[in-house]
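> Have a look; sequence and predicted model below, questions after that.
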Amino acid sequence: METKLRQADGPAVALAAELLKGGGIVAIPTETVYGIAASALDGAAVKKIFEAKGRPQDNPLIVHIDQLEMLEGLVGSVPERAKKLAEAFWPGPLTMILPRGPRVAAEVCAGLDTVAVRMPSHPVARAVITACGLPLAAPSANLSGSPSPTTAHYVMEDMRGRLPLVLDGGECQVGVESTVVSLAGPQAVLLRPGYITQEQLQEVLGEKVLLSGAIL
Ligand code: AMP
Ligand code: MG
């Protein structure tokens, strides 16, 4: 497969949206790292992500949205804590684990009854989601086990020949993965440390955020 590397201008974003609507995969920049995106509503499309990355299918993916309305059907409910954190940190590098809704493809959640969601702030990621109108599952755009890429050049090194299109949106500003916090249980639990700290989460929630025994 030929892999096109395109500056993320209007026509390239439109092309990415067409590929995604057709069940394809595309590498896109986000403010954390570059991701390989596919429609989170399309199990066959999501499988292509796992194949391109060589990622074990039991490792669930983060779903990227561009507006809160997109949570409808993706999640089963939006707990009060999630509303507070969304207000404070979205769009931005915070991923929330919420009860799973009926529209999200089973492949995204790796069989769990929860789903990970995030609203990115990167203008290109947002433009692509808006253009295709789909929530996008998007893990980092590297081969499984390799470092997460922060430039389109690094994406090409791992992914050349494995997907049709890489959008170049420059270097990722945050450069580390999103913080992952679970709000699906009775207490907030920090599952993966990241740019947004436990202290920041606690300050907004006004309560203790537990540290997971098994930090990812
Ligand atoms: P990434 O490799 O950046 O796409 O990160 C995805 C990470 O988010 C995974 O490694 C999971 O550990 C975590 N994650 C995604 N979905 C869930 C979920 N439903 N429950 C717990 N953790 C999740
Ligand atoms: Mg990764």
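Everything's here; your move. Residues are numbered from 1 along each chain as shown. Ligands and ions are numbered 1, 2, ... in the order given.

> low-scoring stretches of this structure, by residue?
The model of the chain has pLDDT under 70 over residues 214-216.

> Enumerate the residues of it near ligand 1.
Selection of the chain residues close to ligand 1 by CB under 6 Å from any ligand atom yields 59-62, 97, 109, 112, 114-116, 139-140, 177, 180, 191, 216. Using the backbone N, CA and C atoms, a C-beta is placed for each residue, glycine as well.

> Highest neighbour count among those?
When neighbours are taken as other CB atoms under 10 Å, the top entry among these is residue 115 (28 neighbours).

> So that residue is in contact with residue 71, correct?
No. At 9.7 Å, residue 115 does not count as touching residue 71 under the criterion of CB atoms under 8 Å.

> And the strands in the protein?
4-7, 26-28, 35-39, 62-64, 94-99, 114-118, 136-137, 165-168, 179-182, 189-192, 210-211 (DSSP state E).

> Stretch 79-96: end-to-end distance?
The first residue of stretch 79-96 is 11 Å away from its last residue (CA to CA, to the nearest Å).

> ok, and for it, which residues are buried?
By neighbour count with 16 or more other CB atoms under 10 Å, stretch 79-96 contains the buried residues 79, 81-82, 84-86, 89-96.

> taking those one by one, which sit in helices?
For the buried residues of stretch 79-96, the ones inside helices are 81, 82, 84, 85, 86, 89, with DSSP state H as the criterion.

> Could you export those to TSV, including columns for distance to residue 34?
Conversion of these to TSV gives the following (distance: CB to CB, whole Å):
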residue	distance to residue 34
81	29
82	26
84	29
85	24
86	24
89	21
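
> Closest one to ligand 1 out of those, please.
Taking CB to the nearest ligand atom as the measure, ligand 1 lies nearest residue 82 of these, at 13.6 Å.

> can you pull the contacts of the closest one?
The contact partners of residue 82, by CB atoms under 8 Å, 6 or more residues apart in numbering, come to 96, 98, 183.

> and which of these is nearest to ligand 1?
Taking CB to the nearest ligand atom as the measure, ligand 1 sits nearest to residue 98 out of the contacts of residue 82, at 8.4 Å.

> what about the closest one, neighbour count?
By the other CB under 10 Å criterion, the neighbourhood of residue 98 contains 22 residues.

> so who does it touch?
Residue 98 sits next to 71, 75, 76, 77, 78, 79, 82, 114, 115, 117, 183, 184 when contact means CB under 8 Å, 6+ apart.
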